[in-house]
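Engineer: everything below, folded, please.
(chains A and B)
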Amino acid sequence: MASRRIWGLLTLPGVAWLAVFFLFAFYAVASVGLGNVTELYQPVPHWNPIDWNVGYLWQAIQDVVPGGRSWDVFVRTIIYVVVALILSLGIGYPVAYYTSRHARRWRVLILVLLVLPFWISYLMRMFAWTNLLDSNGYAAKFLGFISFDGLLRSLGLLDGTNWLGGQHVTVIMALVYGYVPYLILPLYASLDRIDQRLIEAARDLGAPPVSAFWRVIVPLSKTGVLAGVVLIALPMFGDYYTPDLMSGSPRTSMLGNAINGYVQGGPDKSLGASLTLLLAAFLLVFMLYYLRVLRRDQETA
Amino acid sequence: MTAIEAPVAASRRRVSVREWFANPWGKPRFLAIVTWLYIAWSLLPVLLAIRFAFNSGRSRTSLQGFSLRWFTQDPNLSVLHDPTLMAALEQSLELAALTMLIATPLGTALALGLQRWRGPLATSVNTVLLLPLVTPELVFAVGMFLLFTTAFGFIGLGTPAQVIGHVTFCLSWVVLIVRGRLVTIGRDVEEAAADLGAPPWEVLRRVLLPLLAPAVAAGFLVCFALSIDDFVVAQYLASGADTTTVPMRIYSQARNAPTPALNALATIMLVVSLAALVLAWLAFKWLSRGRSAGIDEFAVGTLK
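Structural biologist: Numbers count the residues shown, from 1 in each chain, chains lettered A, B, ... in the order given. Model prediction:
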C-alpha cells in the first residue's frame, strides 16, 4: 500500500502542472473568446460557462466565411499549406526513400545531415534566406542568372523583382524549407521498416520496378506519409513568423498573422481568442489523428 | 569513330536514357542526386549565414574579408558590445537552463508514477500528456498569454511566465524519453531489489534512478534544445526588452537593416546548441557504460 502511495505522489506535481498550465490555458482561450470586453477593449473572461457570450465567436465565424474579413486570409492559408505539403512530399519522399533503401555506406552521414537542421533555430534558418534573397543576395543573383525569376514572372507567379516583397512563391518556398526536415524523418522511419523481401517477392513474381514501387512500397509507407504530413501541417497552420520574415506584406498574411495581429497587436483580443478557438476546431481532426499515431507508437514501444 | 560505330553508340545512349526515364527507381542515381541536392539546399544557406558573421564589412549579403568584428571587436555593434544582443543571449540561456532544471525532474517523476499507475484516470492523464505534442504552438501560446494576462495576472508576463510556458511543452518530451527507458529496463531489477527487502524509496533512489540516468541526461538535452529554439511561446509571454530571446531578436531585426552582428548572434546560439548536443551524448555514453551486461549484478550490488 505504501509503495502505491509513493508512485501516486510522484505523479502529483506533473499532473497538477499540466492541469493548471496546459488545460487551464485552453480553458482561458474559451473563456476570453466567449467572454466580453471593457470599454477600453480589455478582455473580461467569463469563467462560468453559463455566462458564455457567443458574440465574438459569431463575429469570428462570420470573418472566415465567404465575404468575411478574414476569408481571403483563410483561403490563402489553405492554399499555401496544401502547396507546401505537396512540394515537401515531392522532396521528402525521394530523400527518405534513398536514405532508407540505397544509401548504403553513406547512410549514417546522410542521416546526420538530415537531422542537423533540427539543431539550428528555425528563425535562424529563415534569417539565412533573408540574407540570400535580398536583391544583392547570392540566391537572388543566382536565380536571376538562370532566369528563374523571368520564368516565374511570365507564369504570373512573381510580381516585380523583389523576392522578399510580398511574394507567394517565397513564402511557400520558406514553409517547405522550414518544415520539410520534420517530414523526412517519420517518412524515413516508415520506409525503413518495410521488409526488403516484400519488394524482392514482388519483383520475382514479375512486377516491373515501377509497379512494385506503387503497389508495395507506397501502400506500406502510407501511415508514415500521413503522420509526417500531419506533423508539419499543424505548425504551418499556426505560422505567422515565416510570412513576416519572408515578406512582411499583408498580401501574404496567413491565419496565424491574423490571430497574432488581434491578440498581440490590436484591441480585439477577444476576437483573436475566438479565431484561435476556430483554428483549433479546424485542426482538431489532424490533432486527433496525430494523437492516435503517438499512442500507437507508445503501445508498440 | 567509324561511320558504322557512331549510330550504334547513339542508339545505345538513347535506350539508356529511355530506360532511365522508365525506371528512375531501378538505379538510385536520380535519387542520389535529389538527396544530395536537398542536403545542399538545406544546409548551404545556414553555412553562408554563418560565414557572413565573420565579414569584416557591414554586408550580410556578400563575402567581405574575414574578421571577428561582429563578435567582439566592433566597439558598439558587436555582440559583445551591443547590450540588446547580449541581453537576448543571456535571456535565452537563462530560460533554457531554468526550463531543463524544472521540466526534467518533474517529467521523470511523472514518468515513474505513470508507469505503475493503472486505471481510467491514468489513461486520461496519458492522453493529456500527449496533447502538448499535437497542439499547434500558436494555439498554446495564445492560451498561455491569455492565462497570464487574466486569471494568473499576479504572475504576469515576463521571465517566470516564459519559463512556465517552456516547462509545460517540454514536460511531455521528458516523460516520453524516460518512459521509453523504463520499458527497456523492465520490472525484474526493481522486483529483485524489493524481494531483497528494499523499501520503495530505496528502490527508486538506488536502483531506478541510476539506471534512468542516461534518459534523464537525454531529457535535459531535449529541454535545453526545445527552449533555445522556441520563438512563439517566448514571444507571447515576453514583457519587454529585457525578456527578449535570441529568436525574438532575429525576428525583430531580420528585416530591419541588420548588421552581421545578428548573424554572429545566431552563430553563437548554433554553437551553444551543438555543444549541448555533444555534451549530452558524452554524458549519455558515460552514464550507460557497461549497462547492457550485468544489470542485475549491478542492481543487487548497489544494495549491499
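Engineer: ranges for the helices of the stretch 51-200 of chain A?
Structural biologist: Assigned by DSSP state H, counting those that start in this stretch, the stretch 51-200 of chain A shows helices spanning A:55-63, A:71-101, A:107-115, A:122-133, A:138-145, A:148-154, A:168-193, A:196-204.
Engineer: between those, which gets nearest to B:R118?
Structural biologist: helix A:168-193 (29.3 Å; CB to CB). (Glycine included, C-beta is placed from N, CA and C.)
Engineer: rounded mean pLDDT for that closest one, please.
Structural biologist: Helix A:168-193 comes out with an average pLDDT of 92.
Engineer: and the stretch 151-300 of chain A, which residues reach chain B?
Structural biologist: Within the stretch 151-300 of chain A, the positions lying close to chain B (CB under 8 Å from any CB of the partner chain) are A:164, A:177, A:180-181, A:208-210, A:213, A:234-235, A:237-241, A:244-245, A:248, A:256, A:259-260, A:263-264, A:269, A:272-273, A:276, A:279-280, A:283, A:287, A:290-291, A:294-295, A:298.
Engineer: my guess is B:R58 meets B:P260, correct?
Structural biologist: Yes - counting by CB atoms under 8 Å, B:P260 is a contact partner of B:R58 at 7.0 Å.
Engineer: higher neighbour count, these two?
Structural biologist: B:P260 (30 against 15; other CB atoms under 10 Å in any protein chain shown).
Engineer: from chain A, how far out is B:I164?
Structural biologist: Per CB to the nearest CB, to the nearest Å, B:I164 is found 6 Å from chain A.
Engineer: which non-adjacent residue is nearest that residue?
Structural biologist: Spatial nearest neighbour of B:I164, chain neighbours left out: A:F21 (5.7 Å); criterion: CB to CB, 6 or more residues apart in numbering or on different chains.
Engineer: helix, strand or coil for the residue nearest to the spatial centre of chain B?
Structural biologist: Most central in chain B under CA atoms, centre = their mean is B:A225, positioned 3.2 Å from the mean C-alpha point. Each residue gets one of three states, and B:A225 gets helix by DSSP: H, G, I helix; E, B strand; the rest coil.
Engineer: right, and it touches A:W119 too?
Structural biologist: Yes - using CB under 8 Å, B:A225 makes contact with A:W119 at a distance of 6.9 Å.
Engineer: that older thread, contacts only, for the residue nearest to the residue nearest to the centre of chain B when sequence neighbours are not counted.
Structural biologist: Using CB to CB, 6+ apart and skipping the chain neighbours, the partner closest in space to B:A225 is B:S273 (5.9 Å). B:S273 makes contact with A:W119, A:I120, A:S121, B:F224, B:A225, B:I228, B:D229, according to CB atoms under 8 Å, 6 or more residues apart in numbering or on different chains.
Engineer: for burial, what's the neighbour tally of residue 52?
Structural biologist: Since no chain was named, I'll use chain A. So A:W52, with other CB under 10 Å, has 16 neighbours.
Engineer: hmm, I had chain B in mind actually
Structural biologist: B:F52, neighbours per other CB under 10 Å, totals 26.
Engineer: what helix or strand does the closest residue to A:I61 other than its chain neighbours sit in?
Structural biologist: Nearest in space to A:I61, with sequence neighbours left out and distances taken as CB to CB, 6+ apart, is A:L278 at 6.8 Å. Secondary structure from DSSP states H and E places A:L278 in helix A:269-300.
Engineer: one more: A:S31?
Structural biologist: Short version, using DSSP H and E: A:S31 is in helix A:24-33.
Engineer: other SSEs contacting that helix?
Structural biologist: Packing contacts for helix A:24-33, counted by 3 or more CB pairs under 8 Å, 6 or more residues apart in numbering or on different chains; DSSP states H and E, involve helix A:55-63, helix A:269-300, helix B:137-149.
Engineer: quick check: which of those helices is nearest to B:G240?
Structural biologist: Between these, helix B:137-149 lies closest to B:G240; by CB to CB that is 14.0 Å.
Engineer: that older thread, so which of the helices of the stretch 51-200 of chain A gets nearest B:P214?
Structural biologist: Here helix A:107-115 is closest among the helices of the stretch 51-200 of chain A (CB to CB), at 18.9 Å.
Engineer: report the buried residues of that closest one.
Structural biologist: By 16 or more other CB atoms under 10 Å in any protein chain shown, the buried positions in helix A:107-115 come out as A:I110, A:L111, A:L113, A:L114.
Engineer: cool, stretch B:169-186 as well?
Structural biologist: Buried, per 16+ other CB under 10 Å, within stretch B:169-186: B:169-182, B:185.
Engineer: intersect the residues you listed with the contacts of chain A.
Structural biologist: Applying CB under 8 Å from any CB to the buried residues of stretch B:169-186, those adjacent to chain A are B:L171, B:V175, B:L176, B:R179, B:G180.
Engineer: could I get those as CSV with pLDDT and secondary structure?
Structural biologist: As requested, those are exported to CSV (pLDDT from 0 to 100; DSSP: H, G, I helix; E, B strand; the rest coil):
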residue, pLDDT, secondary structure
B:L171, 93, helix
B:V175, 91, helix
B:L176, 88, helix
B:R179, 86, helix
B:G180, 83, helix
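Engineer: what about the residue nearest to A:Y93 when sequence neighbours are not counted, neighbour count?
Structural biologist: Excluding its sequence neighbours, the residue lying closest to A:Y93 (CB to CB, 6+ apart) is A:L187, at 6.3 Å. For A:L187, the count of nearby residues is 26 (other CB under 10 Å).
Engineer: and A:L187, what is it in contact with?
Structural biologist: A:G92, A:Y93, A:A96, A:S221, A:G224, A:V225, A:G228.
Engineer: buried sites along stretch B:272-282?
Structural biologist: Using 16+ other CB under 10 Å as the test for burial, stretch B:272-282 gives B:V272, B:S273, B:A276, B:L277, B:A280.
Engineer: surely A:M246 and A:T130 touch.
Structural biologist: Yes - at 7.1 Å, A:M246 and A:T130 qualify as touching, with contact defined as CB under 8 Å.
Engineer: overlap in contacts, these two.
Structural biologist: A:L164.
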